[in-house]
Every structure is written in C-alpha cells, then in structure tokens.
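no sequence on this one, just coordinates:
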C-alpha cells in the first residue's frame, strides 16, 4: 500500500504523549541504520564532536548510540586545519582526533577525514590569513599547503578511507569561487581558486594514495541553490578537464524548508532539478557521498508532533531522490541526537525553541526522522 506524504504528515502529527516514542523505539530495535544501508551496498555513519563544555564524545550513552547505528566515523572539527595547528610556532596537535579515531576503529568503523582545506577565509586559521600572500608568493603558498597536507595525511597514513580534500570553495549566492589568501599567488580570480584546489588534490593523492578524495559542499536542492549547484558543477568539470584526482562529491545535505524571501518552487520541481544535478555529477565519472545530513526545522510549528512529522516528510522527499543515485556509497549524518546538534546555534528559530533535525531526541529516543531514514534505506535501489 502506498501512503502519500500528506497522509504521513497527518498521521505522525496526530501522535501525542509517550506512545509514539515507544512505538518508534520498538521499530528501531531491529535492524540498525547501518545494517539497512549495507543491505543495499551503502554504509551509514555520523560525525561526532569532542570539543566544548557539552562534548558529545564524552557522553557514554551517546557513544553507544553511535556505535550501534554506524560503521563510518568522522570528527566534526578535530581534523580541521584551524584545530590541528592553531599556532604555527607549535607542532600539530592530533591528540583529540587520535582518541576518537582509536575508539571508532575499535568498533570496526571506517574513518573519514574532514577537511584538509576549508576554502573560505573565515574558516582558515587566523595565522594563515594573516600571511596576506600576493601574486609573487606562489612558492611560499605552495610550500605551506604542501607542509599542511603532507603532515596531516602522513599522520593518519592508510587509516582514513576518504578525505574531504577541499570544503566549500563556491559562494552559495553567486556560484563564483570564494577568494582566499592563496588565490592571488595561484593566479588570482577563479583561476587562482581552481589552481590551489588542483594542487591540494594532487598533494593528497601523493600522501594518501589509497584514500577516496572528495570535494565537499552544501548545495541546496531547491531554486535558491541553482547558482550554487551550477558553480559546483563548473568547478568539478574544470577539475576533471585538468586531470585533478578528485573522485567524489560530498553532499553536505543540511536540508530544510526555504528561508523567508528565497525563490519558491514546487516539490516536483525541486526533485527534478536535484536529480538532474546528481546525474550531471555522476556523468563526470564521480561518486557521491552524503557527508553531513540533518534537517533545519525553521518555520515549522512549535508543537513537537507536527514539527517532527514535517521534518520526516521533507527529509523523505529528499532521501528518495538522493538515495536513488547509483554511485552513492556512503551516508553520514552530522550527529545523531538533537541534544548535540550544531543547528541550535545556527539560524535560531523565532520562538527560540531547540531544533529537532536529527534522528534521535535529547533522551536518545528515535524521532520520526529516524523512521524516515530507515524506510528510505529499505526502499533505495541496491548497488
């Protein structure tokens, strides 16, 4: 029997009290999300953080949840350049990531590295931006990138199966390349951006010859993301033309209802445009990964039941299109529990309520989104 999205939302929204949680818990007590994914040739995983006063990695119950549901692990921040080397006068500090990776490997998880170069200037280390390279500093810029990528990749050797080599190089509103401290020494403008990305991938290939090398970005699937998607596709096309060893596109998948004032589109239009984009990327010979999935519930009702139902239904629409892509092999959430989601501090809701965009709530009970994920994994084509 086929159930429409509208019926799904209405049915979930009518659920109140503790019964829905008990029902969802019973549904999720069988196959894990990773088991459902593996049955179709995909592996499921999550990011985990180890920083701040509420570091989720320090929560034993949360680690147990991640260990149960996942077989792929990525650190939220602990392998980023600005974390590993805050001060250039001191050596790299891999201790936080080393502890987390050792735990994950002890459970047989595959490891992802995120990210060797976060392209946008505000996410590079402050001391890197302060170098203020000019057009004549190509040798110095190359040396710094070489030192960083070599040190990071060599430290982990063959342990990491997949690296986000470059993160978010395309401006989401214009589709043009961001400019950073390395742009001028590599030629300026878009050429400077592409040239430094090409170098980063070639360095990563030298130092991590067996790892999957990924360009990672957060393209929206609706009309508001059209320029961003076009810019990412141009970048990937140019990298392939140059022979850059990029192997996959990471889809961050921070999805959600459109912001007020953004272009409106119908669900069928969104799905068609997103499917076309995924097809175009795969036609370049690139694989796909979902690297950072969650759902932003901005604009949805305050009441938990209808809000969770809308989140689940919106996600299922996106999942059905994305998981149908034949070259998609990995699916990672950006956290599993609303207790620790980064969304609480990102575009806060007008009513100031905590956001509910992950498959488990604050008490680690499954939400309707968990069921939507499970159903989508069961329904997707096998690889």
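Received the coordinates, thanks. Keep in mind that what you see is a predicted model, and the values were worked out from it rather than measured. Numbers count the residues shown, from 1 in each chain.

drop to CA atoms for contacts and neighbour counts, all remaining ones
OK.

please enumerate the helices of this structure.
5-14, 19-28, 33-38, 60-69, 81-84, 95-106, 126-129, 138-156, 189-207, 226-242, 267-283, 304-322, 368-379 (DSSP state H).

any chance of these in a markdown table, with mean pLDDT and mean neighbour count too?
As requested, those are exported to a markdown table (pLDDT from 0 to 100; neighbours: other Cα atoms under 10 Å):
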| stretch | mean pLDDT | mean neighbour count |
| --- | --- | --- |
| helix 5-14 | 44 | 15 |
| helix 19-28 | 42 | 14 |
| helix 33-38 | 98 | 22 |
| helix 60-69 | 98 | 16 |
| helix 81-84 | 97 | 20 |
| helix 95-106 | 98 | 16 |
| helix 126-129 | 97 | 15 |
| helix 138-156 | 98 | 16 |
| helix 189-207 | 96 | 21 |
| helix 226-242 | 98 | 19 |
| helix 267-283 | 96 | 16 |
| helix 304-322 | 97 | 22 |
| helix 368-379 | 98 | 21 |
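
quick one: closest of those to residue 253.
Nearest to residue 253 among the helices of the chain is helix 304-322; the distance by Cα to Cα comes to 9.2 Å.

mind checking how far that closest one is from the chain centre?
Mean-position distance between helix 304-322 and its chain equals 18 Å (Cα atoms, centre = their mean, to the nearest Å).

got JSON lines for the helices of the chain, with distance to residue 48 too?
Listed next are these as JSON lines, based on distance: least, Cα to Cα, whole Å:
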{"stretch": "helix 5-14", "distance to residue 48": "29"}
{"stretch": "helix 19-28", "distance to residue 48": "21"}
{"stretch": "helix 33-38", "distance to residue 48": "16"}
{"stretch": "helix 60-69", "distance to residue 48": "8"}
{"stretch": "helix 81-84", "distance to residue 48": "15"}
{"stretch": "helix 95-106", "distance to residue 48": "9"}
{"stretch": "helix 126-129", "distance to residue 48": "24"}
{"stretch": "helix 138-156", "distance to residue 48": "18"}
{"stretch": "helix 189-207", "distance to residue 48": "24"}
{"stretch": "helix 226-242", "distance to residue 48": "27"}
{"stretch": "helix 267-283", "distance to residue 48": "27"}
{"stretch": "helix 304-322", "distance to residue 48": "21"}
{"stretch": "helix 368-379", "distance to residue 48": "17"}
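
for residue 351, find the nearest of the ones you listed.
Closest among these, using Cα to Cα: helix 304-322, at 12.9 Å.

so which elements touch the closest one?
If contacts are counted by 3 or more Cα pairs under 8 Å, 6 or more residues apart in numbering; DSSP states H and E, helix 304-322 sits against helix 5-14, strand 254-256, helix 267-283, helix 368-379.

format these as JSON lines; extra columns: distance to residue 91.
As requested, the helices and strands packed on helix 304-322 are exported to JSON lines (distance: least, Cα to Cα, whole Å):
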{"stretch": "helix 5-14", "distance to residue 91": "52"}
{"stretch": "strand 254-256", "distance to residue 91": "34"}
{"stretch": "helix 267-283", "distance to residue 91": "38"}
{"stretch": "helix 368-379", "distance to residue 91": "41"}
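
do you know which of those lies nearest residue 241?
helix 267-283 (13.2 Å).

please enumerate residues in contact with the closest one?
221-223, 229, 233, 236, 249, 287-288, 317-318, 321-322, 325, 327 (Cα atoms under 8 Å, 6 or more residues apart in numbering).

which pair of those residues spans the longest distance?
Checking those with Cα to Cα, the most distant pair is 236 and 317, at 26.0 Å.

the closest residue to residue 105 other than its chain neighbours bridge partners, please.
Excluding the flanking residues, the one nearest residue 105 by Cα to Cα, 6 or more residues apart in numbering is residue 111, at 7.7 Å. Beta bridges link residue 111 to residue 73, residue 160, judged by DSSP bridges.

quick one: pLDDT of residue 111?
The score at residue 111 is 98. That number is its pLDDT.

my guess is it contacts residue 164, does it?
No: counting by Cα atoms under 8 Å, residue 111 stays clear of residue 164, with 11.5 Å between them.

give me the more crowded residue out of these two.
residue 164 (25 against 22; other Cα atoms under 10 Å).
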